[in-house]
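everything below, folded, please.
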Amino acid sequence: MPVLVERIDPIAVNCLIWAGAVSRAEALGFPARIDAKRSDFGCRWISYFCADADLSDLDAACPLELRERLRPVVAGLAAKGAFRMMLVSNHRYSDPMLSAWRTMTATDADYASDPVIVHDLPTAARTLGLTPAEAEHARVWIDGCLERI
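Alright, predicted model coming up:
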């Protein structure tokens, strides 16, 4: 399954949706689809890992390579304002990888992201400063994306 790169309008939050078996190639390929110069890519992001997200194809080197591919993207987005990345997962298979990712990126002084791991979408929305109505809009929007894939 792909890693979807989308924008939730009108709340101006970008979203990565990880669903199904995510190949190493797909995980490493999505940064090329994010052009930080475009106005539709902003500073608030939700990376949503579905309950069926299978990251088992991502070997130990993959997160390191992904961080390097994302480094210029994140720097470009952070140049627009305070960059915020919420990692949303409550799944025993993706949680260990996300914990390692958070440690690896948060301790890298040259990487402009300090992602926050939460276990549900309402918490992610509140942390990003969304209203309850905007949080519900994001939930419905993500559910709609999942129905289409």
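
which parts of this structure are helices?
Assignment of helices within the chain using DSSP state H yields the ranges 24-29, 61-78, 95-106, 121-127, 132-148.

pLDDT-wise, which helix or strand of the chain ranks last?
Counting by mean pLDDT, DSSP states H and E, the weakest-scoring helix or strand in the chain turns out to be helix 95-106, with a mean of 90.

low pLDDT regions in this protein?
1 (pLDDT under 70).

tell me which residue of it is furthest from the middle?
Of all residues in the chain, the one whose C-alpha sits farthest from the chain's mean C-alpha position, using Cα atoms, centre = their mean, is Ala133 at 21.1 Å.

now do the contacts for the residue positioned nearest the centre of the chain.
By Cα atoms, centre = their mean, the chain has its centre lying nearest to Ser47, at 2.3 Å. Ser47 makes contact with 15-16, 18, 85-88, 115, according to Cβ atoms under 8 Å, 6 or more residues apart in numbering. The way it works is simple: take the backbone N, C-alpha and C, and place the C-beta from them, glycine included.

measure the residue lying closest to Cys145 once chain neighbours are set aside to Leu64 for me?
Residue nearest to Cys145 in three dimensions, not counting chain neighbours: Ile17, with 5.7 Å by Cβ to Cβ, 6 or more residues apart in numbering. Applying Cβ to Cβ, to the nearest Å, the value for Ile17 to Leu64 is 23 Å.

just the residues contacting stretch 19-28, thanks.
Under Cβ under 8 Å, 6+ apart, the answer for stretch 19-28 is 1-4, 50, 52-59, 62, 65-66, 69, 146, 149.

so can I have a markdown table of the contacts of Ser47 showing neighbour count and distance to Asp108?
A markdown table is the format used below for the contacts of Ser47 (neighbours: other Cβ atoms under 10 Å; distance: Cβ to Cβ, whole Å):
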| residue | neighbour count | distance to Asp108 |
| --- | --- | --- |
| Cys15 | 20 | 23 |
| Leu16 | 19 | 19 |
| Trp18 | 26 | 21 |
| Met85 | 24 | 13 |
| Met86 | 22 | 18 |
| Leu87 | 24 | 16 |
| Val88 | 27 | 22 |
| Pro115 | 19 | 11 |
